[in-house]
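**Q** give me coordinates for this.
(4 chains)
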2 protein chains.
Amino acid sequence: MAIEADPKAKTRVPLTKERVHEAAVELADREGLKALTMRALAQELGVEAMSLYYHVANKEAVLDGVLEAIMAEIGEEIGGFSVPEPVDDWKAVLRDRILAARRVMLRHPWAPDVFESRTNMGVSIILYFESILGTMREGGMSYDLAHHGLHALGSRALGFSQELFRPDTPEQDQASAEMFDCIKDQLPYLTGMLTEITHDGPEETLGWCDDQTEFEFALDVLLEGLERLRIAETSA
Amino acid sequence: MAIEADPKAKTRVPLTKERVHEAAVELADREGLKALTMRALAQELGVEAMSLYYHVANKEAVLDGVLEAIMAEIGEEIGGFSVPEPVDDWKAVLRDRILAARRVMLRHPWAPDVFESRTNMGVSIILYFESILGTMREGGMSYDLAHHGLHALGSRALGFSQELFRPDTPEQDQASAEMFDCIKDQLPYLTGMLTEITHDGPEETLGWCDDQTEFEFALDVLLEGLERLRIAETSA
DNA sequence: AACATACTCATACGTTGTAAGGTTGTCAAC
DNA sequence: GTTGACAACCTTACAACGTATGAGTATGTT
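**A** Numbering: from 1, shown residues only, chains lettered A, B, ... in the order given. Next up, the predicted model:
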């Protein structure tokens, strides 16, 4: 429609911040966070490493942008960051929101590590927490309790919890198992638990648990605890 | 006593794994985790970088050793990793244990990052979790509930919780504040909370909270929630 | 035709972990 | 003593990383 709008005429489509961020997400999805280097990212875009620096300040800025992209996905998943007017069941609303965020995290398993590495929050993250806080408030909590609640949820509010010590290679996993075997006479409770928890006996380590189940369990303990405190403070 | 046992005769005290680990802790304490490089660590010990590799396999091994050192500190703080025979108040016992671990973490603020970076757990960490689990069991929980409880506590069992987004430079902090100001008309709840929470008005960001208070709050919500579930399952 | 602007690239530096192989110090055996 | 083995440490070098610097190249304006 424009006078000279043939895309083919342009020898190359110029980069943008957004394309860099999107490519970064794709690269991390495909090859992991460790593979997300400026050079690899440039190659992903058919460009040299230093060309990226015309569009982004540095790698930190890339990671910030990546998080904004993730938050945008969460926004789509929960249909925006607004607070449903009056909240009759804040627990259920928050639970849905958080599990929606978690679905996004499961699509991008590296994302939690990026969140943890960040030191200042972007706009969409603030908006997200605003909506969480708003839900708590409209649900009937005091600002004080909601504040504590936000801290208590921590990263869980964003849909993830750092699972400590998850072996990532089979060799490492086996090494842990051997070490465990080696001292298992000092571990009556752990061996007891493993024999009872797992169906096939105590060969499996702690890592083999259903993350989703555990996530929801902890989330519910927290939500119910906060609800109890809310009731306590309203009846006081 | 030995025929040739004059220590002075030795021109230099040889390195050991242990000395490397100790020096690593001291270095991280003094200059932060980022400053803990193999070269800096070597310099700390008056030696060249590659000399370290005679005693430790690689940097990962150093970090593993550092964690063992931290766990040893925790062990001292709680007087060993044993389980008090019958536990009349498991909540109180666990609370003390965890807050003791937290005191160690506060002495080494970089330690949580190391824990999160690790992928396989060392012996002393397993022993620690064994003692936590044992306390829950002796307190009357089923293995199933105790298992969920371990996951629910997560890193909190070790005395820390990753505080997301803590600005580490004054410039960054100010940048966040400005950004916050810029969109604060979209943040009724957050501004409302800040005016009510802080004494001096809403200039302060979310980062300025009493970590210890928030840690204990979340810990207590979890412990009480688990206790409630324990009672529910024993009366069933 | 000349120039400004927007964008991209080539080269290079400092830092990191660490592989490969050399140097030294100590001690036992001949 | 000389020799040889072994332990402990060092020198050099490399690949990968983030990125500073300045030069190139296209496009649009005047």
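**Q** the bottom helix or strand of chain A by mean pLDDT?
**A** Using mean pLDDT, DSSP states H and E, the weakest-scoring helix or strand in chain A turns out to be helix A:170-182, at a mean of 87.
**Q** could you list the domains of chain A?
**A** Listed domain ranges for chain A are A:14-56, A:57-235 (source: automatic domain parsing).
**Q** worst average pLDDT in those domains?
**A** Sorting the domains of chain A by mean pLDDT places domain A:57-235 lowest, at a mean of 91.
**Q** now A:Pro86: how far from DNA strand D?
**A** For A:Pro86, the distance to DNA strand D equals 47 Å [CB to the nearest atom of the strand, to the nearest Å]. Every residue, glycine included, has its C-beta placed from N, CA and C.
**Q** how about A:Leu158?
**A** Separation of A:Leu158 from DNA strand D (CB to the nearest atom of the strand): 24 Å.
**Q** enumerate every residue touching that residue.
**A** By CB atoms under 8 Å, 6 or more residues apart in numbering or on different chains, the contact set of A:Leu158 is A:98, A:101, A:105, A:115, A:128, B:164.
**Q** touching the one helix or strand the second one maps to from outside, list them.
**A** When secondary structure is defined by DSSP states H and E, A:Ala101 falls within helix A:90-107. Around helix A:90-107, the neighbours that count as contacts under CB under 8 Å, 6+ apart are A:29, A:70, A:73-74, A:77-78, A:84, A:87, A:111-112, A:128, A:131-132, A:135-136, A:138-141, A:153, A:156-160, A:212, A:215-216, A:219-220, A:223-224, A:227.
**Q** got it, and stretch A:62-72?
**A** A:17, A:20-22, A:24-25, A:28, A:38, A:41, A:52, A:56, A:104, A:108, A:111, A:114-115, A:117-118, A:122-125, A:128.
**Q** can you give me the buried ones in it?
**A** By neighbour count on 16 or more other CB atoms under 10 Å in any protein chain shown, the buried set for stretch A:62-72 is A:62-71.
**Q** please flag which of those residues sit within helices.
**A** Applying DSSP state H to the buried residues of stretch A:62-72, the entries found in helices are A:62-71.
**Q** kindly reformat those residues as TSV containing distance to A:Leu94.
**A** Formatted as TSV, these follow (distance: CB to CB, whole Å):
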residue	distance to A:Leu94
A:Val62	31
A:Leu63	27
A:Asp64	26
A:Gly65	27
A:Val66	25
A:Leu67	21
A:Glu68	23
A:Ala69	24
A:Ile70	19
A:Met71	17
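**Q** now, which of those sits nearest DNA strand C?
**A** A:Val62 (14.4 Å; CB to the nearest atom of the strand).
**Q** picking up where we left off before, may I see the ChimeraX selection of the buried members of the contacts of stretch A:62-72?
**A** Listed next is the ChimeraX selection for buried residues among the contacts of stretch A:62-72, using 16+ other CB under 10 Å:
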select /A:20,21,22,24,25,28,38,41,52,56,104,108,111,114,115,118,122,124,125,128
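**Q** show me which of the contacts of stretch A:62-72 neighbour DNA strand D.
**A** A:Met38 (CB under 7 Å from any atom of the strand).
**Q** any idea how far A:Ala232 is from chain B?
**A** Here A:Ala232 is placed at a distance of 12 Å from chain B (CB to the nearest CB, to the nearest Å).
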